[in-house]
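In: Generate a structure from the sequence data that follows.
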Amino acid sequence: MKKFIYSFMLAVVGMTTALFTSCTNEESINFPIEEELAGNYKGKLEVTVDGQNLGEQSQKITVEKASEKSINLSLKNFSFIGINLGDIELNDCPLSENSGNYAFTGTTLLDTEMLKADVKATGTIGGGKVEISMDIDADLAGVKQSVKVVYTGEKLKGTESSEAKITKFIFDRNVAAVDSLVISQPVIDEESKTITFMVADTAKAEHLAALVPTIEVSEKATVTPGSEVAQDFSNGRKVKYIVEAEDGTTVEYTVSIKGFGDYFGFEEWYEGGIYPDIPNVNPWASCNAAVALIKNMGPILGGPTYEGGYPIVATDDAYSGEKAAVLESVDTKGGSMGGTKVPKVTAATVFLGSFNAFAGLSNPMATTSFGIVYEKQPLKVTGYYKYTPGKEFYNSDGELVEGKVDECSMSAVLYEITDDKETLDGSNIYSSDKIVAKAMFKSSKTVTEYTQFELNLEYLKDYDPTKKYKFTVILSASADGAAYNAAVGSKLIVDDVIVVNKK
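Out: Take a look at the predicted model:
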């Protein structure tokens, strides 16, 4: 009922002719409207219902000259208790002089089928300030309510900033440990004024009710609720944030969780494996072990001499966190090693699964065991990447192919297994009849800034939660690298890979 009164109250303010019908005018006074009164004012609107103060909100008012003796007042993009009422105009309000200030008063009677109300309004303007007070005696279906509305504001100089933006909204685990459950840092959509983020499947309601965002806003702007104040995002709740610019302009953002998933980042790097200097990153497997074998066993087995770096290394050029992965296809010279073909270019690849470099001595495709046991139903995979294709593309025979441009690829495959040891490898990961769902993205375009990719899995068979599955994500700087077709120097930088699962 009180919310109804609020809406009514604002409708009354918008009655441009009825509200100030009893204003008085003093013909002998020259009102300094353009010199002193006209301009923008920034202030607060306070509401009291039956003696209970319901708080205040920021509001900006514009005063303009209507005539030599009257002014217009307008409230742009006015919102109240979450309701946007648009622009409110008070037009042609006559002025009178009152002890150095300029006053206006008015009364009106609102009589509708549901509501009767006597409204008394008074206002003063001058000396860089404006005040408006309304007393409303309302009768709503026989229930008497007394509503008091007070607005006070100060005139702006005109040099104040009107920018009201959230420029940064993150969850920092150093601020609150529970923030580590946020697996995808928030995305700010300025057009819709929404901010969304993803959390881990393991997050419980009590965790989501205690998340602590860190917020940055436009210079000289303020935000409510403030930065590093815990908020409740559990059970689908949406949190409203109001940004107020220096000049009183306000913008509302809505923040919410957009989904749950598994995070596969590139933060945990270590060295080791078949040789102690091989870079590894949890939980990914990579082709680094194969390159290590070429580097160390090639000269012994009469193969090529490769002394370059590893194709998969860490970088601090991360989309979020501290580390990302650089995948750069390298020139491993070609030829053979112990009777096994060595590619001219080894495509830089990481994937969920395991890598057996020694299996490649007899069967190169068997080096890759794609997939990890997965007990959820994946729907899509997202992440962020940069890409630069290499300049020299070689085919599987080690021949330079003029004009050929390399491609990066990101793919995902879900397949059925009968036991945990069963696996698909490079020979059948995209063709096996065990595949249940898959998705792939390829691009030869140069991408210099982090750009999101999204793999929406296409289900070829129905998902059966009673069956066992493995799931893999495969990222490569050279899409056809498994067939030994790749360009030297093709570089893919990737970060924040997230698997979105069905809840």
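In: For the residue nearest to T418 when sequence neighbours are not counted, give me its contacts.
Out: For T418, ignoring the flanking residues on the chain, the nearest one in space by CB to CB, 6 or more residues apart in numbering is K468 at 7.0 Å. To be clear about C-beta, it is placed using only N, CA and C from the backbone, and glycine gets the same treatment. When contacts are counted by CB atoms under 8 Å, 6 or more residues apart in numbering, K468 touches V373, E416, I417, T418, D419, D420.
In: and the gap between the last one and V229?
Out: Put plainly, it is D420. 46 Å (CB to CB, to the nearest Å).
In: The third one too?
Out: In this structure, I417 and V229 are 47 Å apart, going by CB to CB.
In: Over to the most centrally placed residue in the chain. Which of the three states is it?
Out: In the chain, the C-alpha nearest the mean C-alpha coordinate belongs to V187, at 0.8 Å (CA atoms, centre = their mean). Counting by DSSP: H, G, I helix; E, B strand; the rest coil, the backbone at V187 sits in strand.
In: just the one 4 residues further on next, same as before
Out: Three-state assignment for E191 (three-state DSSP): coil.
In: how about low-confidence regions in the stretch 201-350 of the chain?
Out: The model of the stretch 201-350 of the chain has no residue with pLDDT under 70.
In: Now do the strands in it.
Out: 213-217, 222-224, 239-244, 250-264, 268-271, 279-282, 285-286, 312-315, 324-328, 330-331, 336-337, 340-341, 345-346, 349-351 (DSSP state E, counting those that start in this stretch).
In: and among those strands, the most buried is which?
Out: Mean neighbour count (mean count of other CB atoms under 10 Å) peaks for strand 345-346 among the strands of the stretch 201-350 of the chain, with a mean of 28.
In: Roughly how far does the residue nearest to T418 sit from P32?
Out: Noted for K468: a distance of 83 Å to P32, by CB to CB.
In: again with S146
Out: Distance, S146 to P32, by CB to CB: 36 Å.
In: got the strands of the stretch 201-350 of the chain as CSV, with distance to I125 columns?
Out: Formatted as CSV, these follow (distance: least, CB to CB, whole Å):
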stretch, distance to I125
strand 213-217, 30
strand 222-224, 25
strand 239-244, 22
strand 250-264, 22
strand 268-271, 64
strand 279-282, 65
strand 285-286, 71
strand 312-315, 60
strand 324-328, 57
strand 330-331, 74
strand 336-337, 88
strand 340-341, 87
strand 345-346, 76
strand 349-351, 67
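In: Out of these, which is closest to N174?
Out: strand 213-217 (9.3 Å; CB to CB).
In: Now do the closest one: which elements does it pack against?
Out: strand 166-171 (3 or more CB pairs under 8 Å, 6 or more residues apart in numbering; DSSP states H and E).
In: List the buried residues in the strand it packs on.
Out: I166, F169, I170, F171 (16 or more other CB atoms under 10 Å).
In: Pick the one among these closest to T332.
Out: Out of those, the member with the shortest distance to T332 (by CB to CB) is I170, at 40.4 Å.
In: and that closest one, what are its bridge partners?
Out: Beta-bridge pairing for I170 (DSSP bridges): T214.
In: Now do the helices in this structure.
Out: 2-13, 205-208, 288-297 (DSSP state H).
In: Alpha carbons only: can I get the second one in PDB?
Out: Only the C-alpha atoms of helix 205-208 are listed here, as PDB (Å, rounded to 0.1, in the frame of the first residue of the first chain):
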ATOM      1  CA  ALA A 205      24.300 -20.900  -1.100                       C
ATOM      2  CA  GLU A 206      26.100 -19.800   2.000                       C
ATOM      3  CA  HIS A 207      29.200 -19.100  -0.100                       C
ATOM      4  CA  LEU A 208      27.300 -17.100  -2.700                       C
END
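In: Give me the contacts around it.
Out: Defining contact as CB under 8 Å, 6+ apart, one finds that helix 205-208 is touched by V178, L181, V199, D232, F233, S234, N235, I257.
In: Same question for that helix: list its buried residues.
Out: Buried residues in helix 205-208, defined by neighbour count with 16+ other CB under 10 Å: H207, L208.
In: And for E416, the neighbour number?
Out: Around E416 there are 17 other residues, counting by other CB atoms under 10 Å.
In: quick one: it from P465, how far?
Out: 12 Å.
In: Adding distance to K42 and pLDDT, write the buried residues of strand 166-171 out as JSON lines.
Out: Below are the buried residues of strand 166-171 laid out as JSON lines (distance: CB to CB, whole Å; pLDDT from 0 to 100):
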{"residue": "I166", "distance to K42": "20", "pLDDT": "98"}
{"residue": "F169", "distance to K42": "25", "pLDDT": "97"}
{"residue": "I170", "distance to K42": "29", "pLDDT": "95"}
{"residue": "F171", "distance to K42": "32", "pLDDT": "95"}
